[in-house]
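In: quick one, fold the following:
(one chain, ligands or ions: 2)
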Amino acid sequence: MSKFEEIKDFIISCRCVLLRYNPIRSECGLVKIGNPSSASPVFVSGNYFHTVKRLEKALRGLDCYLLVCDSAGINVWCASGVCDFNEHKIADSVNSTGLSEIVSHRRLILPLLSASGVDLGGLEKECGFKGVFGPADFRDIKKYAGNGFKLEPEMRLVRFAFAERYYNAFGMFAVFLVPVIALKLIAGKKHEGKIHFLLLMNFINIFSNFMLYDRLPFKYPANNSLFIGALIQLAIAAYSLFKRPFRLASYIFCSLSAFVINFLVSVDMLGSTPFYKTTIAHWLSSADNKSLFQPLISQDLCAGCGSCALVCPKGLFTEHGGTVRVDYTRECCECLACVKQCAPRAIKNKNGPVFKDDIKSIENINEIMN
Ligand code: SF4
Ligand code: SF4
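Out: Ligands and ions are numbered 1, 2, ... in the order given. Okay, the predicted model is just below:
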């Protein structure tokens, strides 16, 4: 790859991060990494530009193929839950690239985070390739390959590394920046001080939430976000009281706008996949945004296949002598990968039919839960 192409990819990746609600699609198809032969492994990815480029880098040094499939330009974790990445999309890519003529084996390594959307049986029926789940984090791919393509338990767990937090913080900051810029254009120099204050509030709220989320006193990010909001309100009150003369209108503006920004950030963090999910109504009424879905294994139906333990990115399932148990000390993020991959439909919700239910890739989910 030329220097020019590298710079171009870097700029497009920055644009992906800054405007994450408007993702850029990478071209679908088969990418050769190194000098692959017909026996080389085939890794599968969605077509979110930023991920494809990072994956290509992570795979450098291996001789393999990267099959980029249509995920509507969205990352596979989000796309899998809403039917934008599934066995049909993968089979389409297999067939359109003529993969069965290129490789001699019939094995695809899928991202583990696609487990909430991909039906492995359906994939094999549609294209003749058997899907296996690889690591949850692409940074473990080389370790996985070096381990004879065997998934160690820690490779199944989702991480929320510094780089991801940083990207997400920037992405959200850019979104909140749009109304502030619009205000600046409308108000001009007249309310410059207030507009700068709004910018500062955005910055403090968003970056402290993402970068410090595991160092703040509460377990759930939305509650931490409210905690940060309370500190900001204290700071605004103290500043307004000590600054002479005291201006009530200015205090009300600052306090109210800080509250609104903080509330919006908190609500946005309720749906953050790496954390937990709940409904806004449940969160406001109970101050608890723990996932409403808690897996409960119906032992009568369970076949002991271990698929739930393999695909759970939060490590909730433990296997002991062919029996799978749920470790409730760990927090579920309601991805529903375990439900999707459980063929006998043995996983129910401990809380009954009440859960956020925003995963669309499982047909008759409410019937399964009952
Ligand atoms: S996936 Fe279903 S059948 Fe398999 S071990 Fe888990 S609960 Fe049992
Ligand atoms: S237990 Fe929760 S986090 Fe684990 S796979 Fe099931 S829904 Fe996802």
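In: neighbours of A281, how many?
Out: Here the number of neighbours of A281 (other CB atoms under 10 Å) works out to 8. Glycine gets a C-beta too; all of them are placed from N, C-alpha and C.
In: could you report the pLDDT at it?
Out: Among the per-residue scores, A281 holds a pLDDT of 72.
In: check contacts around it.
Out: The neighbourhood of A281, defined by CB atoms under 8 Å, 6 or more residues apart in numbering, contains no residues.
In: okay, and it sits in which element?
Out: Of the helices and strands defined by DSSP states H and E, A281 is found in helix 280-286.
In: what residues does whichever helix or strand comes after that helix touch?
Out: Heading C-terminal from helix 280-286, the first helix or strand you meet, by DSSP H and E, is strand 295-297. Contact partners of strand 295-297, identified using CB under 8 Å, 6+ apart, comprise 308, 316-317, 324-326, 332, 338-339, 346-350.
In: so among those, where is pLDDT lowest?
Out: Where pLDDT dips furthest among the contacts of strand 295-297: C332, at 86.
In: flag every residue of the stretch 201-350 of the chain that's near ligand 2.
Out: Selection of the stretch 201-350 of the chain residues close to ligand 2 by CB under 6 Å from any ligand atom yields 293, 295, 311-314, 316, 332-338.
In: try 5 Å
Out: Within the stretch 201-350 of the chain, the positions adjacent to ligand 2 are 295, 312, 314, 316, 332-333, 335-338 by CB under 5 Å from any ligand atom.
In: counting neighbours, which of those residues comes out on top?
Out: If you rank those by neighbour count (other CB under 10 Å), A337 sits at the top with 30 neighbours.
In: need the contact list for that residue.
Out: So, once contact is read as CB under 8 Å, 6+ apart, A337 ends up touching 113, 115-116, 311-313.
In: quick one: which of these is nearest ligand 2?
Out: Nearest to ligand 2 among those: C312, at 3.4 Å, using CB to the nearest ligand atom.
In: before we move on, the earlier item: make JSON lines out of the residues of the stretch 201-350 of the chain next to ligand 2 and add secondary structure.
Out: Rendered in JSON lines, the data for those read as follows (DSSP: H, G, I helix; E, B strand; the rest coil):
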{"residue": "P295", "secondary structure": "strand"}
{"residue": "C312", "secondary structure": "coil"}
{"residue": "K314", "secondary structure": "coil"}
{"residue": "L316", "secondary structure": "coil"}
{"residue": "C332", "secondary structure": "coil"}
{"residue": "C333", "secondary structure": "coil"}
{"residue": "C335", "secondary structure": "coil"}
{"residue": "L336", "secondary structure": "coil"}
{"residue": "A337", "secondary structure": "helix"}
{"residue": "C338", "secondary structure": "helix"}
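In: count the residues that sit near the nearest residue to F133 once chain neighbours are set aside.
Out: Nearest-residue entry for F133: L112, 4.5 Å, with adjacent residues in sequence omitted and distances by CB to CB, 6 or more residues apart in numbering. For L112, the tally of surrounding residues (other CB under 10 Å) stands at 25.
In: next up, the contacts around L112.
Out: With contacts taken as CB under 8 Å, 6+ apart, L112 has the following neighbours: 133-136, 151, 155-156, 311, 313.
In: ditto for T323
Out: Each residue near T323 by CB under 8 Å, 6+ apart is listed here: 299, 304.
In: rewinding a little: and the gap between the residue nearest to F133 and D84?
Out: The gap separating L112 from D84 is 17 Å, by CB to CB, to the nearest Å.
In: which ones among the contacts of L112 lie within strands?
Out: Counting by DSSP state E, the part of the contacts of L112 found in strands is F133.
In: from the contacts of L112, which ones fall inside helices?
Out: Using DSSP state H, the members of the contacts of L112 that fall in helices are V311.
In: ok, of the contacts of strand 295-297, which come out buried?
Out: Restricting the contacts of strand 295-297 to buried positions leaves 308, 316-317, 324, 326, 332, 338-339, 346-349, with burial counted as 16 or more other CB atoms under 10 Å.
In: the helix or strand containing V175 - what's its average pLDDT?
Out: Element membership of V175, judged by DSSP H and E, is helix 162-187. Throughout helix 162-187, pLDDT has a mean value of 77.
In: continuing past it, what's the next helix or strand?
Out: As the chain continues past helix 162-187, the following element, by DSSP H and E, is helix 192-211.
In: show me the contact partners of that next one.
Out: Under the criterion CB under 8 Å, 6+ apart, residues 162, 165-166, 168-169, 172-173, 176-177, 180, 183-184, 187, 216, 221, 224-225, 228-229, 232, 250, 253-254, 257-258, 261-262, 265, 269 lie in contact with helix 192-211.
In: buried ones among those residues?
Out: Buried members of these, scored by 16+ other CB under 10 Å, are 165, 168-169, 172-173, 176-177, 180, 184, 216, 221, 224-225, 228-229, 232, 253-254, 257-258, 261-262, 265, 269.
In: how does this protein divide into domains?
Out: Here the chain is described, according to automatic domain parsing, as comprising the domains 3-156, 162-273, 295-369.
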